[in-house]
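Novice: I would like the atomic coordinates for the input below:
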Amino acid sequence: MIRQGSEAPLFGEDDDVINTRKSNIKHPIVSFFHLFFRTSAILLYVMCDFFSSRFIVCMVSIILLLSCDFWTVKNVSGRLLVGLRWWNQVDENGNSHWIFESRKQTQSQSTTTGAESRIFWLGLIVCPIFWILFFFSTIISLQIKWLAVVVMGLVLQWANLYGYVRCKVGGKSDLKDIAKGYLGAQLFKQALKTTEEP
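Specialist: Reported below is the predicted structural model:
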């Protein structure tokens, strides 16, 4: 279910303070921590042997960083940087409903900037790619002890990516239908180009 401007205010929506100073990044601390936990987990995974020879210490540290990243992205940076949020709600009958929400914005009330949006989406898309590479390198190098850490990184980062993509494209839409529609439109455009060329 997707809602536009629901009864529950988004995080930071109560603050109607207009910043008179023009800045590309209105939430520098949130932008920093949006990338900090993600990149720290990746760097610690790559350089774990350099920092410590103890596997358990490295594993717990990486999982803590990944958990902090998941919470920060889901509960803070998604709301402040791009005006999106998602969560699960259980009704009285015990049925689970996923809710994907995007904030309505007008030009005069815009609380997000293009720079913040780029930081958010770049961090959200690029970091899971690293965990996919780590997954395959762990399998190929037969370092099975790291598989749990890599799978945890994949699951947490892909959950946020999936939730925010659903918020962006619409919670009721099926992502497969959107992808098919996009590919169909691209094929149609390509077919028109080839028929127009002599």
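
Novice: where exactly do the strands run in this protein?
Specialist: Here the chain has its strands, by DSSP state E, at 2-4, 84-90, 96-102.

Novice: now these as CSV including distance to residue 64, mean pLDDT and mean neighbour count?
Specialist: All C-beta atoms are positioned from the backbone trio N, CA, C, and that covers glycine. Output for the strands of the chain, formatted as CSV (distance: least, C-beta to C-beta, whole Å; pLDDT from 0 to 100; neighbours: other C-beta atoms under 10 Å):
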stretch, distance to residue 64, mean pLDDT, mean neighbour count
strand 2-4, 32, 51, 13
strand 84-90, 22, 82, 15
strand 96-102, 26, 80, 16
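
Novice: For these, could you give me TSV that also reports distance to residue 160?
Specialist: Formatted as TSV, the strands of the chain follow (distance: least, C-beta to C-beta, whole Å):
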stretch	distance to residue 160
strand 2-4	17
strand 84-90	9
strand 96-102	12
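
Novice: Out of those strands, which is closest to residue 159?
Specialist: Nearest to residue 159 among those is strand 84-90; the distance by C-beta to C-beta comes to 9.5 Å.

Novice: Which one, of the strands of the chain, ends up nearest to residue 38?
Specialist: That would be strand 84-90 among the strands of the chain, by C-beta to C-beta, at 17.3 Å.

Novice: Direction included, what does the closest one pair up with?
Specialist: Its sheet considered, strand 84-90 pairs with strand 96-102 (antiparallel) by DSSP bridges.

Novice: before we move on, the earlier item: go through the strands of the chain and name the closest to residue 39.
Specialist: Using C-beta to C-beta, the strands of the chain put strand 84-90 closest to residue 39, at 21.5 Å.
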